[in-house]
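**Q** Generate a structure from the sequence data that follows.
(one chain, ligands or ions: 1)
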Amino acid sequence: MQTLTLSPEQMESMRLHVEDRRPEEACGLLAGKGGHVQQVLPVTNQNHSAVSFRMDPLEQLRAFNWMDANGLDLVAIYHSHPAGPEAASPGNPAPSPTDIAEAAYPVVYIIWSRADGSWQAHAYSIQQGHGLEVELSIVRDQ
Ligand SMILES: [Zn+2]
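**A** You can find the predicted model right below:
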């Protein structure tokens, strides 16, 4: 299984972002190198929707420019399912058909889903129309 390594602080930063945006879906980019996340870059969901997201294109461009300037790559994209995957079954952590269809980058896709009042994160590599689970390795002091 593929692994993505993050710090507890990066996980908490994403969790706070998706909670803050609830009931809308939240989204963002993770910059790093070779499967190790170094920076969480939240991006505005310009749909402001509970069931879909589209990254603000200007913020997304700024984030890519920041990565270039800092010698980092896009290693993952995250978004939340505050009420379920595009209004299917509540709290489902799996990529929705839309998520799979719109997975344009060869990176890890992290989905924060909310069930029973708490958030959990699952990660996937989306290839040929399927989401393969990726292990999230939470490591202190990378
Ligand atoms: Zn989704």
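**Q** going forward, measure contacts between C-alpha atoms and count neighbours the same way
**A** Noted.
**Q** Mind listing residues that contact the helix or strand of the chain with the lowest mean pLDDT?
**A** Every helix and strand in the chain was compared by mean pLDDT, DSSP states H and E; the lowest is helix 97-101, with a mean of 90. Here helix 97-101 makes contact (C-alpha atoms under 8 Å, 6 or more residues apart in numbering) with 86, 126, 129-131.
**Q** Redo these as TSV? Include pLDDT, secondary structure and distance to residue 80.
**A** Formatted as TSV, the contacts of helix 97-101 follow (pLDDT from 0 to 100; DSSP: H, G, I helix; E, B strand; the rest coil; distance: C-alpha to C-alpha, whole Å):
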residue	pLDDT	secondary structure	distance to residue 80
86	44	helix	10
126	92	strand	16
129	86	coil	20
130	87	strand	19
131	89	strand	16
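**Q** Which one (most neighbours) among the residues you listed?
**A** residue 126 (23 neighbours; other C-alpha atoms under 10 Å).
**Q** Identify the spatial nearest neighbour of residue 133, chain neighbours not counted.
**A** residue 124 (4.4 Å; C-alpha to C-alpha, 6 or more residues apart in numbering).
**Q** Please give the element, helix or strand, for the one you found.
**A** Using DSSP states H and E, residue 124 falls within strand 118-127.
**Q** Tell me the gap between that strand and the middle of its chain.
**A** On the basis of C-alpha atoms, centre = their mean, to the nearest Å, the separation between the geometric centre of strand 118-127 and that of its chain is 8 Å.
**Q** Next: stretch 101-118.
**A** The answer for stretch 101-118 is 5 Å, by C-alpha atoms, centre = their mean.
**Q** please begin residue numbering at 43 from this point
**A** Understood, numbering begins at 43; the last thing we discussed is stretch 143-160.
**Q** Could I get the buried residue list for it?
**A** Buried residues in stretch 143-160, defined by neighbour count with 16 or more other C-alpha atoms under 10 Å: 145, 149-157.
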